[in-house]
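[1] okay, here's the prediction I keep looking at, along with the sequence it came from:
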Amino acid sequence: MGVGDTKVRGVAARAGGWSARHRWAAVGIWVLFVVLAMGIGTAVGRADVNQNEGLPGETSHAARIIDDAGLKEPAGETVLVQAKGTAAKATDAEFRRTVDSVMKAVTDTGAVDSVKSPYDTKSISKDGRSALIQFHVKGDADTAADRIEPVLDAVKKVQGEHQQLRIEEIGSASMNKTFSDAFGNDFQKAELSAVPVAFGILLIAFGALVAALLPVALAVSAIIATMGLMAVVSHAMPMSDTANSVMLLVGLAVGVDYCLFYLRREREERAAGRDAHTAMQIAAATSGRAIIVSGVTVCVAMAGMLFTGLAEFKAMGLASLMVVAVAMVGSVTVLPALLSLLGERVEKGRIPFLNRMKRGKTNGNGESRIWRAVLGAVLRRPKVALVIAAGALAAIALPAVGMHTQNLTLDQEFGNKLPIVRTYEAVNEAFPGGADPANVVISAKDINAPEVRQAIADFREQAVSSGASQGPVDLTVHKQENVATLDVPLIGGSDQKKAEKSLALLRDHVRPDTLGKVSGVSAPITGSVAGSKDFNDQIVGSVVPVFAFVVVFAFLLMLLCFRSLTIAITSIILNLLSVGAAYGILTAIFQHGWGASLVGAEGVGAIISWLPLFLFVILFGLSMDYHVFVVSRIREARVQGRTTRDAIQHGVVTTAGVVTSAAVIMVAVFAIFGTLSMQSMKQMGVGLAAAVLIDATIIRGVLLPAVMALLDDRNWYFPKWLRWLPDLTHDEAASIGAPVAAVPVQRDDDEPGRRVKV
């Protein structure tokens with residue numbers, strides 16, 4: 001069958017062919033789409049996630065009570081006044097004068113109200129050396145950080161006048177301002193540096209300026225379009241800044257990857273002597289198809305986040321899904337049009353010394369010399385390679401068995417780099433749990449009813465007598481709304497595990513024995529510790545449905561697109577190994593502290609609660625990029641007449657360059673997030689970077705070829721009872737170019753081993 005009578009099948013091949021023939025129309029439609037999406041998105045604006053919506057457990061119940069009552073919780077602030085030596089006491093006259101000076105100073109700013117003396121609230125430590133002055137910031141709590149600076153300055157001024165005492169402020173407004181000032185630009189710097197880093201690596205990979213610009217241009221345009229779409233969609237499902245950052249991360253990774261796959265294949269075919277039209281056809285039919293299979297698989301993985309029931313996760317999942325879909329469509333439509341328009345000019349801006357370096361690393365067929373040597377060793381002894389690689393990954397994954405997840409406390413997240421963290425630790429030491437008290441939100445038909453008042457009094461008394469708190473338990477009553485709140489400092493303070501035990505005492509014993517006995521009273525317990533536990537419980541409860549959804553649908557996609565039960569099963573197993581290794585590295589570094597200093601991190605004793613599920617979804621999706629691309633090339637070579645072993649070697653060594661380049665870009669971009677100041681961001685960056693590195697080397701370069709070599713022709717096993725499934729293989733490449741030999745490949749209508757002419 002010749003080129004002229006090739007019947008093109010498959011969405012990717014048809015889309016690429018149409019775009020190449022109508023190149024200006026394809027480019028114009030893409031530009032119009034990007035401009036319209038961004039323009040409409042800017043016009044309608046983005047609706048962000050309401051922090052009180054989608055919260056888990058009792059945290060959500062408490063937020064609803066406050067919202068339904070129409071209460072606006074003000075931003076609470078605290079000033080710690082503490083003796084530096086052991087002699088001074090809170091009862092001393094000088095100490096009292098200092099407390100009065102602080103109270104007057106903050107009141108005179110006009111920015112606060114409800115200033116409470118520690119002598120009235122009994123907020124004096126057991127050793128008598130520390131006292132807490134409490135007050136509220138006037139106005140909306142969400143914007144309190146913008147108005148807190150005069151208060152901070154007033155407290156600093158009093159500190160300057162009373163050097164013998166420690167006088168420091170902490171609270172939601174002051175913490176938000178401090179973190180905004182210290183780390184507000186972290187994400188922006190990471191996002192801005194990601195594009196230049198990706199471009200630099202692409203320049204090295206292609207050795208030509210124009211060729212390096214194409215993937216970046218497509219990825220950036222896909223991200224811009226998705227930002228507009230996010231704004232439109234947000235009015236049905238709210239979005240967030242976090243979702244935007246994740247979208248940028250994923251969009252840059254897959255956008256560049258997809259362009260790399262397409263562009264490298266087109267250049268490879270032209271280097272092999274194909275004319276421009278045929279090279280484009282082959283690239284569209286092969287790499288284009290791999291992009292669609294990979295893109296759909298990544299979209300399915302991202303959709304797994306929608307099953308968590310958490311608003312923030314749903315926003316991240318939908319945003320990531322959209323950017324992958326947009327990048328996938330752009331790769332199989334506008335990219336062929338641009339390549340057709342540019343022609344030989346895609347090689348413009350060549351850098352001679354880079355091309356000389358590349359030629360030294362490849363043979364005459366463009367195959368990597370390094371990977372050819374590695375593959376030679378693996379294929380000679382596949383059993384040995386399998387045992388060593390699988391054993392190494394199992395050892396790396398082993399620490400994950402003891403993984404502990406939680407929301408990181410302030411000192412875990414930021415260490416001692418900021419003065420306010422030291423204040424947080426000082427408050428918790430003097431008043432265990434005082435910096436993060438549990439908040440009991442009490443709702444009743446009549447909050448002033450005698451039985452309700454007695455139950456509240458009993459709760460306050462038993463909270464201390466049970467050992468859950470050292471007190472004081474502060475009460476605030478909103479008579480008109482029939483709502484009251486209790487602030488209960490938890491024993492354990494910043495130690496999350498101990499604080500959760502105190503929380504359990506309140507929820508499981510103190511509340512049922514007091515407030516729980518009064519009919520019509522609702523008393524959910526929220527706060528930082530409660531929110532962390534409820535969030536962690538929700539995430540843990542989401543693991544099974546999310547894992548099942550992602551794994552089952554990925555398996556079905558692999559089964560349909562490769563028409564091989566063996567390929568579908570091994571794909572899932574290999575990707576799970578990659579994720580498991582990432583979990584092990586995370587646990588070893590950030591929980592146990594093994595080698596933490598090597599990545600500028602600390603062993604904080606826990607993994608941020610949202611990260612394991614997030615990593616699974618992201619990594620499972622992104623790993624499919626490499627897997628689909630490599631296995632597609634192996635299958636293509638097998639269909640064209642090579643033995644399974646030769647097909648494996650050809651498929652891996654010819655894709656090694658693009659997979660390596662794509663992996664280096666991903667590792668570099670993810671590693672940028674590992675340089676941020678927050679431990680949670682370090683965990684995400686290191687986890688993603690390590691997993692991608694393992695996936696592109698040990699998994700794709702050693703385990704995959706070893707497993708496929710051992711399975712041999714069983715790689716293509718497709719049982720008769722599954723042949724009713726649709727055939728989505730579409731091997732156009734087998735009939736493009738030179739005629740090929742007949743090889744034993746199973747189709748819907750053939751028996752195992754029957755020879756089919758392709």
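    Perfect, thanks for sending it.

[2] now do the helices in the stretch 551-700 of the chain.
    565-586, 611-639, 644-673, 679-694 (DSSP state H, counting those that start in this stretch).

[3] give the buried residues for the next helix or strand after the shortest one.
    Using DSSP states H and E, the helix or strand that directly follows helix 679-694 along the chain is helix 704-711. Of the residues in helix 704-711, those buried under the neighbour-count criterion (16 or more other CB atoms under 10 Å) are Leu704, Pro705, Ala706, Val707, Met708, Ala709, Leu711. C-beta coordinates here come from the backbone N, C-alpha and C atoms, glycine included.

[4] coming back round to it: let's have the helices of the stretch 551-700 of the chain in CSV, adding mean pLDDT.
    Formatted as CSV, those follow (pLDDT from 0 to 100):
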stretch, mean pLDDT
helix 565-586, 91
helix 611-639, 85
helix 644-673, 84
helix 679-694, 87
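
[5] any idea of the pLDDT on Trp30?
    Looking at Trp30, its pLDDT stands at 94.

[6] skip the chain neighbours and tell me the closest residue to it.
    Leaving aside its sequence neighbours, Trp30 sits nearest to Val334 (CB to CB, 6 or more residues apart in numbering; 3.9 Å).

[7] ok, back up a step: okay if I get the helices of the stretch 551-700 of the chain as a markdown table plus mean neighbour count and distance to Glu500?
    Output for those, formatted as a markdown table (neighbours: other CB atoms under 10 Å; distance: least, CB to CB, whole Å):
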| stretch | mean neighbour count | distance to Glu500 |
| --- | --- | --- |
| helix 565-586 | 22 | 21 |
| helix 611-639 | 25 | 19 |
| helix 644-673 | 23 | 29 |
| helix 679-694 | 24 | 19 |
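
[8] figure out which of those helices is closest to Tyr424.
    Closest to Tyr424 of those is helix 679-694 (CB to CB; 14.8 Å).

[9] which other helices and strands does that closest one contact?
    helix 410-414, helix 565-586, strand 607-608, helix 611-639, helix 644-673 (3 or more CB pairs under 8 Å, 6 or more residues apart in numbering; DSSP states H and E).

[10] return the distance of that helix from the chain's centre.
    Put simply, helix 679-694 sits 10 Å off its chain's centre (CA atoms, centre = their mean, to the nearest Å).

[11] tell me the contacts of Gln480?
    Contact criterion CB atoms under 8 Å, 6 or more residues apart in numbering gives no residues in contact with Gln480.

[12] in TSV: the buried residues of helix 704-711, plus distance to Asp513 and pLDDT.
    Formatted as TSV, the buried residues of helix 704-711 follow (distance: CB to CB, whole Å; pLDDT from 0 to 100):
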residue	distance to Asp513	pLDDT
Leu704	59	92
Pro705	64	92
Ala706	62	94
Val707	59	94
Met708	63	92
Ala709	66	92
Leu711	63	91
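
[13] sorry, back to before: can you give me how far the helix or strand containing the residue nearest to Trp30 is from the chain middle?
    Here Val334 sits within helix 311-342, counting by DSSP H and E. The chain centre lies 18 Å from the centre of helix 311-342; the measure is CA atoms, centre = their mean.

[14] between helix 611-639 and it, find me the angle.
    Angle, helix 311-342 to helix 611-639, by axes from the mean of the first three to the mean of the last three CA atoms, to 10 degrees: 30 degrees.

[15] who does helix 311-342 touch, helix- and strand-wise?
    In terms of contacts (3+ CB pairs under 8 Å, 6+ apart), helix 311-342 is packed against helix 11-21, helix 23-44, helix 209-233, helix 241-271, helix 276-303, helix 611-639.

[16] buried set for the fourth one?
    Of the residues in helix 241-271, those scored as buried under the neighbour-count criterion (16+ other CB under 10 Å) are 242-270.

[17] what angle do that helix and helix 679-694 make?
    20 degrees.

[18] next one: the shortest one
    Here helix 11-21 points in a direction 90 degrees away from that of helix 679-694 (the same axes, to 10 degrees).

[19] and the average pLDDT for helix 11-21 is what?
    For helix 11-21, the per-residue pLDDT averages 83.

[20] also stretch 263-275?
    For stretch 263-275, mean pLDDT rounds to 80.

[21] in a markdown table, list the helices and strands packed on helix 679-694 along with distance to Arg369.
    As requested, those are exported to a markdown table (distance: least, CB to CB, whole Å):
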| stretch | distance to Arg369 |
| --- | --- |
| helix 410-414 | 46 |
| helix 565-586 | 25 |
| strand 607-608 | 40 |
| helix 611-639 | 18 |
| helix 644-673 | 9 |
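
[22] and Pro238, which of these is closest to it?
    Nearest of these (CB to CB): helix 611-639, 18.4 Å.

[23] summarise which helices and strands the closest one is packed against.
    Looks like helix 611-639 contacts helix 241-271, helix 276-303, helix 311-342, helix 528-562, helix 565-586, helix 644-673, helix 679-694, helix 704-711 (3+ CB pairs under 8 Å, 6+ apart).

[24] rewinding a little: list the contacts of the residue nearest to Trp30.
    Residues in contact with Val334 (CB under 8 Å, 6+ apart) are Ser19, Ala26, Val27, Ile29, Trp30, Leu218.

[25] out of the residues you listed, what pair is the most spread apart?
    Ile29 and Leu218 (14.2 Å).

[26] who touches stretch 169-178?
    Residues outside stretch 169-178 that contact it (CB under 8 Å, 6+ apart) are 75-80, 137, 141, 144-149, 151-152, 155, 410, 418, 420, 423-424, 427, 435.

[27] which PyMOL command selects the buried ones in those?
    To isolate the buried ones among the contacts of stretch 169-178 in PyMOL, judged by 16+ other CB under 10 Å, type:
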select buried, resi 75+76+77+78+79+80+137+141+144+145+147+148+151+152+155+410+418+420+423+424+427+435
